[in-house]
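Peer 1: Need a 3D model of the sequence below.
(2 chains)
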2 protein chains.
Amino acid sequence: MESKSLKSVNFEKRNGIIPVVVQDHKTKEVLMLAYANQEALKKTNVTGNAWFWSTSKGKLWMKGEESGNIQPVREIRMDCDLDAVLYIVESDRPACHTGQRSCFHHMLAD
Amino acid sequence: MESKSLKSVNFEKRNGIIPVVVQDHKTKEVLMLAYANQEALKKTNVTGNAWFWSTSKGKLWMKGEESGNIQPVREIRMDCDLDAVLYIVESDRPACHTGQRSCFHHMLAD
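Peer 2: Numbers count the residues shown, from 1 in each chain, chains lettered A, B, ... in the order given. Below you'll find the model as predicted:
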């Protein structure tokens, strides 16, 4: 596992906003997919809680700021191209606004 | 787990291209993050192998078409907003072009 600085993250390639996969550290379940700009990633790194950029509202948001279901982040990983992020979180609360544990609760039918 | 059709996927919201998280079904490791348009998702559903849309090359590609490291897809899940996909795959081959098992092999340093 190679260490990279915030500055090396390739936001430019994705117009300033990159996808973030959120995974539970214990069960390894994929909980949600959201987005981050540089500021969101910085706030996550500094505060230890998951911050994102809302592409629909056009603003920073902390996961749980309204629901209380905050996501303490244990590790921040980045992919080989440095344009996708993985937050590994410690939280047993629902990640989905529907109240479900994971947002990925639909299956593609034929 | 609710079933959804290909038609219900919200490609429009993301300008026709949505992020795809690839996860190993056995270890639950997050292997990579790529993108799909409607055609890529359809091909994945029909063929049972992971197809994507290359945002850099502007074309469809099947994972492993060059490396041989194909990713048979066991399940296709979608998130609550129907604008992000999760491929759960059965493959013990490297997912990363660097030869590593997962593309997420960088850690964010302070």
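Peer 1: so where's chain A shaky on pLDDT?
Peer 2: Using pLDDT under 70 as the threshold, the predicted model of chain A has no low-confidence range.
Peer 1: got the contact list for the spatially most central residue of it?
Peer 2: In chain A, the centroid-proximal residue (Cα atoms, centre = their mean) is A:Val20; its distance is 4.0 Å. Remark: with contacts taken as Cβ atoms under 8 Å, 6 or more residues apart in numbering or on different chains, A:Val20 is in contact with A:33-36, A:50, A:52, A:84-87. C-beta here means a position set from N, CA and C on the backbone, and glycine is covered the same way.
Peer 1: Report whether it is found in a strand, as I expect.
Peer 2: Yes. When classified by DSSP: H, G, I helix; E, B strand; the rest coil, A:Val20 is found to be part of a strand.
Peer 1: Now do whichever strand or helix holds A:Met32: which elements does it pack against?
Peer 2: In this structure, A:Met32 is located in strand A:30-36 according to DSSP states H and E. Strand A:30-36 makes packing contacts with strand A:18-24, strand A:51-54, strand B:18-24 when contacts are defined by 3 or more Cβ pairs under 8 Å, 6 or more residues apart in numbering or on different chains; DSSP states H and E.
Peer 1: Any chance of a markdown table for those, columns distance to A:Asn10?
Peer 2: A markdown table is the format used below for these (distance: least, Cβ to Cβ, whole Å):
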| stretch | distance to A:Asn10 |
| --- | --- |
| strand A:18-24 | 8 |
| strand A:51-54 | 15 |
| strand B:18-24 | 15 |
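Peer 1: closest to B:Ser91 out of those strands?
Peer 2: Using Cβ to Cβ as the measure, strand B:18-24 is the one of the helices and strands packed on strand A:30-36 that comes nearest B:Ser91, at 7.2 Å.
Peer 1: How far off centre is that closest one?
Peer 2: 4 Å (Cα atoms, centre = their mean, to the nearest Å).
Peer 1: so where do the strands sit in chain A?
Peer 2: Under the criterion DSSP state E, chain A carries strands at the ranges A:2-4, A:18-24, A:30-36, A:51-54, A:59-62, A:73-78, A:85-89, A:106-108.
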